[in-house]
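K.L.:
predicted model, plus sequence, below.
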Amino acid sequence: MAERNDPYRNFRFLLEIDGLVQAGFSEVTIPDTSSDPIEYREGNEDTTVRKLPGLNKYGNISLKWGITDDSLSLFDWRKLVMQGKMKDARRNIAVILMDEEGNAKSRWEFREAWPSKYDAPDLTAKGNDVAIETMEIVHEGMVRTS
């Protein structure tokens, strides 16, 4: 009988920012990638339009995490963008999916990434939820390496 090959769960993952590994995110959204079709036809061709690939587009990475004493480093990264220090702000990022034993199994790499949006938590004295920060990160390319 063939060995069973179950899919990986989506709740064990790490984020690596320029080689620094950070865990502790409640949610990481891996973006989509798409290519716009360009319709093209010359006058002497059949009446069917050809479709050529256009520009590649990449969605944004979305991070959510609970505020802790250590969570200021991501906001400091966002501050570099707000200060116009884009050379310092651009980083390479990887999202790493792990199996149940903690071994890295799938990896998505993003280049020239920088935080485009930060959202502080909504606070309420009537609630008991965790205070969640959110950040959107834009990038210029995605590759799945494993």
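P.N.:
Good, I have the coordinates. Residues are numbered from 1 along each chain as shown.
K.L.:
which elements pack onto the helix or strand containing Val81?
P.N.:
Val81 is part of helix 72-82, with elements assigned from DSSP states H and E. Counting contacts by 3 or more C-beta pairs under 8 Å, 6 or more residues apart in numbering; DSSP states H and E, helix 72-82 packs against helix 86-89, strand 104-119, strand 132-138. Where C-beta positions appear, they are placed from N, C-alpha and C, glycine not excepted.
K.L.:
pLDDT score for the residue nearest to the spatial centre of the chain?
P.N.:
Nearest to the mean C-alpha position of the chain, by C-alpha atoms, centre = their mean, lies Ile61 at 2.8 Å. Listed pLDDT for Ile61 reads 97.
K.L.:
280 is where my numbering starts, stick with that
P.N.:
Understood, numbering begins at 280; the last thing we discussed is Ile340.
K.L.:
my read is that it contacts His418, right?
P.N.:
Yes: using C-beta atoms under 8 Å, Ile340 makes contact with His418 at a distance of 6.7 Å.
K.L.:
on that earlier part again, can you check which of the helices and strands packed on helix 351-361 gets nearest to Asp311?
P.N.:
Ranking the helices and strands packed on helix 351-361 by their distance to Asp311 (criterion: C-beta to C-beta) puts strand 383-398 first, at 11.5 Å.
K.L.:
off-centre distance for the closest one?
P.N.:
4 Å (C-alpha atoms, centre = their mean, to the nearest Å).
K.L.:
re the thing from before, just send the helices and strands packed on helix 351-361 back as CSV, with mean pLDDT and mean neighbour count too.
P.N.:
Compiled in CSV, these are given as follows (pLDDT from 0 to 100; neighbours: other C-beta atoms under 10 Å):
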stretch, mean pLDDT, mean neighbour count
helix 365-368, 97, 12
strand 383-398, 97, 17
strand 411-417, 96, 18
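K.L.:
format the ones you listed as JSON lines; extra columns: distance to Val328.
P.N.:
Shown next, in JSON lines, are these (distance: least, C-beta to C-beta, whole Å):
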{"stretch": "helix 365-368", "distance to Val328": "40"}
{"stretch": "strand 383-398", "distance to Val328": "33"}
{"stretch": "strand 411-417", "distance to Val328": "32"}
